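A.B. asks: quick one, what's the 3D model for this:
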Amino acid sequence: MYREKNKATCRSFIQHVFNEGNLSSIRDFVSPDSLNHELDGLDVPSEHSPEWFANLIHLYHLAFPDLRVEIQDQVAENDRVMTRLRMQGTQEGRLLGIGVSGKKVDITGIRVDRLSEGKIAESWFQWDTLGMLMQIGALPDLAREPRNAPWATETPSLPTPVPVSLLPPKVKQPRPRAGRLKPAA
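C.D. replies: Numbers count the residues shown, from 1 in each chain. Presented below is the predicted three-dimensional model:
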């Protein structure tokens with residue numbers, strides 16, 4: 001029963017916070033000492049307050065005012081809920097220094113939440129960042145059109161082959177033989 005309750009909490013979180021933009025309700029879903037691993041490797045601390053997380057979501061709402069997150073699948077096991085998502089929106093605002101493109105984005109992602117005492121205590125969120133950047137035209141042409149890259153016109157060179165005289169001699173091994181088969185009874 002608690003698995004279904006955890007899944008419902010994650011569904012409500014996505015609906016209220018992401019889709020409805022009700023950022024003030026974030027404390028209803030996220031514990032005050034939550035860990036967010038989606039930013040691991042960046043120069044930001046991994047521990048964030050729910051308000052910090054709400055501000056991050058707000059940045060995406062400014063960039064994509066029509067942002068919609070659709071739950072495509074959910075699986076719960078013990079204290080974790082995996083949610084497969086589809087995100088759609090039109091970039092009508094700047095996104096972390098990327099200019100407005102006016103282009104539609106349609107990407108997928110996976111979110112794993114660990115719940116404790118009915119709230120999200122830890123989360124991992126992987127989504128198609130490369131796909132989003134390609135769809136809004138934020139990548140240089142060379143990255144999107146490899147035929148235009150400088151190395152595309154170079155003649156590929158093959159590695160120099162090892163002279164046969166340096167290779168170890170092949171030793172002929174006898175082929176293993178199968179035992180005599182008996183007819184089925």
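A.B. asks: give me the element D106 is part of.
C.D. replies: Using DSSP states H and E, D106 maps to strand 104-116.
A.B. asks: all the strands of this protein, residue numbers only.
C.D. replies: For the chain, applying DSSP state E gives strands covering 30-36, 68-77, 80-90, 104-116, 119-127.
A.B. asks: other residues contacting the shortest one?
C.D. replies: Counting by Cβ atoms under 8 Å, 6 or more residues apart in numbering, the neighbours of strand 30-36 from elsewhere in the structure are 13, 46-50, 53, 116-117, 119-123, 125. Quick note: C-beta positions are derived from backbone N, CA and C, even for glycine.
A.B. asks: and for the fourth one?
C.D. replies: Contacts of strand 104-116 with the rest of the structure, by Cβ under 8 Å, 6+ apart, involve 6, 9-10, 13, 31, 64, 72, 79-91, 120-128, 131-132, 135-136.
A.B. asks: and L56, what does it touch?
C.D. replies: The contact partners of L56, by Cβ under 8 Å, 6+ apart, come to none.
A.B. asks: and it, how far is that from K7?
C.D. replies: Computed as Cβ to Cβ, to the nearest Å, the L56 to K7 distance reads 23 Å.
A.B. asks: same deal with G102?
C.D. replies: As defined by Cβ to Cβ, G102 lies at a distance of 36 Å from K7.
A.B. asks: between these two, which has more neighbouring residues?
C.D. replies: It is K7, of G102 and K7, that has more neighbours when counted by other Cβ atoms under 10 Å, with 19 against 9.
A.B. asks: correct me if wrong: the more buried one contacts Q74.
C.D. replies: Yes: counting by Cβ atoms under 8 Å, K7 does reach Q74; the two are 5.0 Å apart.
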